[in-house]
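Q: Sequence and predicted structure are below.
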Amino acid sequence: MDHFAEKLIHGRTHISPKRLGDPGPSESQKESILLAASAAPDHGRKVPWHFIEIQESSRASLGDVFYQCLLERDQSATTIQLQEARDKALRGPLLFIAIANYHDTSDQISKQEKLISLGCAIQNIILSAYAYGYGSGLSSGRALESIYIRNLFQLSDHEDPICFITIGTVLKNKPDRIRPGLSEYHSIF
Ligand SMILES: Cc1cc2nc3c(=O)[nH]c(=O)nc-3n(C[C@H](O)[C@H](O)[C@H](O)COP(=O)(O)O)c2cc1C
């Protein structure tokens, strides 16, 4: 694995947001990490994605949403569990929410294609962050399906929140996971 691209692609692993700390990317690094998204394949050039950065002063509002969602889902949630839900919003120095923007659904490009484009943009972002020496983690969760998230980020009907992207310095890492073998996803016709 001498090739730079191979090292980059195979070296990146998911890092749990709780294991991502300071420092986060500088302003110029952040800009180039975000610009990596713009190189994603994008059929019809719809730019069917949007990344909202959740700055420090907004983390508490996101925490309120996580708290509220857990409470609605599980009325027996303990005070500790509710506090943990809140604290999730505070993890990591750089936090984005990745939004799929389907635009006008009557156009020629399907929703699936737009979602794939978002996936490629996310991969470009996390590989770029890794190239700068930062770890990253993607996280989803039931809160993303809630009206509270939609309201918080003022999403329109043609937008869907897909996942969070946390970027920061790796504080602790787990051993590499075993990746699927070629035979699991390749065949010849
Ligand atoms: C859209 C999306 C959402 C994800 N959400 C979570 C999550 O909520 N929690 C989690 O532990 N990992 C989440 N992951 C990360 C995967 O678990 C991780 O990529 C997978 O285990 C493969 O590991 P690797 O990224 O190190 O190759 C998510 C990945 C994607 C693509």
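A: Great, that's in hand. Residues are numbered from 1 along each chain as shown.
Q: near the ligand, anything from the top strand by length along the chain?
A: Using DSSP state E to define each element, the chain has its longest strand at strand 159-170. Yes - residues of strand 159-170 are located near the ligand by Cβ under 6 Å from any ligand atom, namely 162-163. For the C-beta atoms, the positions are set from N, CA and C on the backbone; glycine is no exception.
Q: Can you tell me the closest non-neighbouring residue to the residue most central in space within the chain?
A: Among the residues of the chain, the one closest to the centroid is residue 165, at 2.7 Å (Cα atoms, centre = their mean). What sits nearest to residue 165 in space, not counting adjacent residues and going by Cβ to Cβ, 6 or more residues apart in numbering, is residue 96, at 4.5 Å.
Q: right, is the top helix by length along the chain up against the ligand?
A: When the chain is parsed with DSSP state H, its longest helix is helix 111-131. No - Helix 111-131 lies out of reach of the ligand by Cβ under 6 Å from any ligand atom, never closer than 7.0 Å.
Q: Report the buried residues of that helix.
A: 113-131 (16 or more other Cβ atoms under 10 Å).
Q: what's the answer for stretch 16-31, then?
A: In stretch 16-31, counting by 16+ other Cβ under 10 Å, buried: 16-17, 19-21, 24-25, 29-30.
Q: before we move on, what about stretch 143-163?
A: Buried, per 16+ other Cβ under 10 Å, within stretch 143-163: 143-144, 146, 148-150, 152-153, 155, 159-163.
Q: Which residues of the chain lie near the ligand?
A: 13-14, 138-141, 162-163, 177.
Q: Output the residues you listed in CSV, with secondary structure appended to each entry.
A: Shown next, in CSV, are the residues of the chain next to the ligand (DSSP: H, G, I helix; E, B strand; the rest coil):
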residue, secondary structure
13, coil
14, strand
138, strand
139, strand
140, coil
141, coil
162, strand
163, strand
177, coil
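Q: So among those, where is pLDDT lowest?
A: Ranked by pLDDT, those bottom out at residue 177, which scores 78.
Q: Let me see the backbone angles for the nearest residue to it once chain neighbours are set aside.
A: Nearest residue to residue 177 in three dimensions, chain neighbours excluded: residue 13, at 6.6 Å (Cβ to Cβ, 6+ apart). Here is the backbone geometry of residue 13 (degrees, to the nearest 10): phi -140, psi 160.
Q: Looks like residue 13 contacts residue 178 (just checking).
A: No - taking Cβ atoms under 8 Å as the definition, residue 13 is not a contact partner of residue 178, at 11.1 Å.
Q: Which of those two has more residues huddled nearby?
A: residue 13 (16 against 6; other Cβ atoms under 10 Å).
Q: Next one: that one from residue 5, what distance?
A: Taking Cβ to Cβ, to the nearest Å as the measure, residue 13 falls 16 Å from residue 5.
Q: Now for the chain, the helix or strand with the poorest mean pLDDT.
A: helix 4-11 (a mean of 94; mean pLDDT, DSSP states H and E).
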